[in-house]
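J.: curious how this folds, go ahead:
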Amino acid sequence: MKKYKRVLSIGGHSLDAELMGGPLLLKLAKNGAQCTFVHVTQGRLEEPNASEEEKTEYLQRLREQNILTAKGMGSDSYSFDFMSSNMPSEVEFVGRLVNYFEEEKVDCIVTHASGTMHARHYFTYSTVTTAVKLLRSKGNHIDLLYGENCEDLVGFVPQLYVPLDKTEEEQWFSSLRNYEIFNGKVNSVPYFDYYSTMLKVRQIESGCRSGCKAYMYASLVDYDI
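T.: Numbers count the residues shown, from 1 in each chain. Got it, this is the predicted structure:
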């Protein structure tokens with residue numbers, strides 16, 4: 001595996017970054033890289049009748065879950081704290097990302113693929129990709145990968161397979177269980193069933209001896225298309 005020093009996994013919402021980048025970041029963290037799970041938007045309580053106090057309490061719990069989940073994978077957590085209903089323009093956010101990537105001396109990023117059903121996922125894909133292209137045009141050769149996400153599968157082509165041994169697999173899922181949403185307490189999405197199954201599917205595809213997480217190379221980041 002390539003040696004990296006500063007690695008980010010950037011998701012539109014809490015849990016996205018950890019689902020996409022978790023296997024790669026936990027392995028890189030063990031090899032000495034400084035790794036961070038980045039969340040573009042805050043979470044929110046889906047219950048329409050929730051009081052302001054309940055919403056505040058949920059957000060506080062979610063922030064604690066961000067930290068605990070990252071810590072379980074040898075990483076830390078950072079949030080831009082935007083609300084989904086009040087996002088910056090893409091141009092403004094690209095500028096913030098460029099500054100953040102330069103300040104942190106980032107050399108590898110994982111984020112959403114373009115074929116997504118969610119506007120915030122696409123916003124994240126578009127702005128992160130644009131920021132990386134701008135930096136690469138200035139000679140800062142950040143590697144960019146798109147992580148497999150069950151909501152971003154249109155046109156996703158597995159190209160890089162990251163194998164997990166049993167200890168690493170348990171580390172990933174044990175960390176993800178810090179999230180209420182992963183445990184089915186927020187919605188009915190079967191996260192564990194999907195991602196544990198895909199580890200086996202990617203193992204078969206790749207011919208690896210253990211479960212694998214799939215990534216796609218951002219092959220066009222050097223080009224203005």
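J.: quick one: terminal-to-terminal distance for stretch 139-148?
T.: Start to finish, the residues bounding stretch 139-148 are 28 Å apart (Cα to Cα, to the nearest Å).
J.: can you tell me what sits against that stretch?
T.: With contacts defined as Cβ atoms under 8 Å, 6 or more residues apart in numbering, stretch 139-148 is touched by 2, 4, 9, 19-21, 24, 101-102, 106-114, 125, 128-129, 132, 135-136, 152, 156, 158, 160, 198, 213-218, 221. C-betas here are computed from N, CA, C, even on glycine.
J.: now a ChimeraX select for only the buried ones of those.
T.: Buried members of these can be picked out in ChimeraX with the line below, counting by 16 or more other Cβ atoms under 10 Å:
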select :4,9,19,20,21,24,101,106,107,108,109,110,111,112,113,114,125,128,129,132,135,136,152,156,158,160,198,213,214,215,216,218,221
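J.: the chain: strands as residue ranges?
T.: Using DSSP state E, the strands of the chain run over residues 6-11, 34-41, 76-82, 108-111, 143-147, 160-163, 212-217.
J.: rebuild the ones you listed as JSON lines, extending it with mean pLDDT.
T.: Output for the strands of the chain, formatted as JSON lines (pLDDT from 0 to 100):
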{"stretch": "strand 6-11", "mean pLDDT": "98"}
{"stretch": "strand 34-41", "mean pLDDT": "97"}
{"stretch": "strand 76-82", "mean pLDDT": "95"}
{"stretch": "strand 108-111", "mean pLDDT": "98"}
{"stretch": "strand 143-147", "mean pLDDT": "97"}
{"stretch": "strand 160-163", "mean pLDDT": "97"}
{"stretch": "strand 212-217", "mean pLDDT": "97"}
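J.: residue 189 is nearest to which of those?
T.: Nearest to residue 189, of all the strands of the chain, is strand 6-11, at 14.6 Å by Cβ to Cβ.
J.: just the buried positions in stretch 148-155, please.
T.: Buried, per 16+ other Cβ under 10 Å, within stretch 148-155: 148-149, 151-152.
J.: now for the residues you listed: which two are most distant?
T.: Most distant of the buried residues of stretch 148-155, by Cβ to Cβ, are 148 and 151, 10.3 Å apart.
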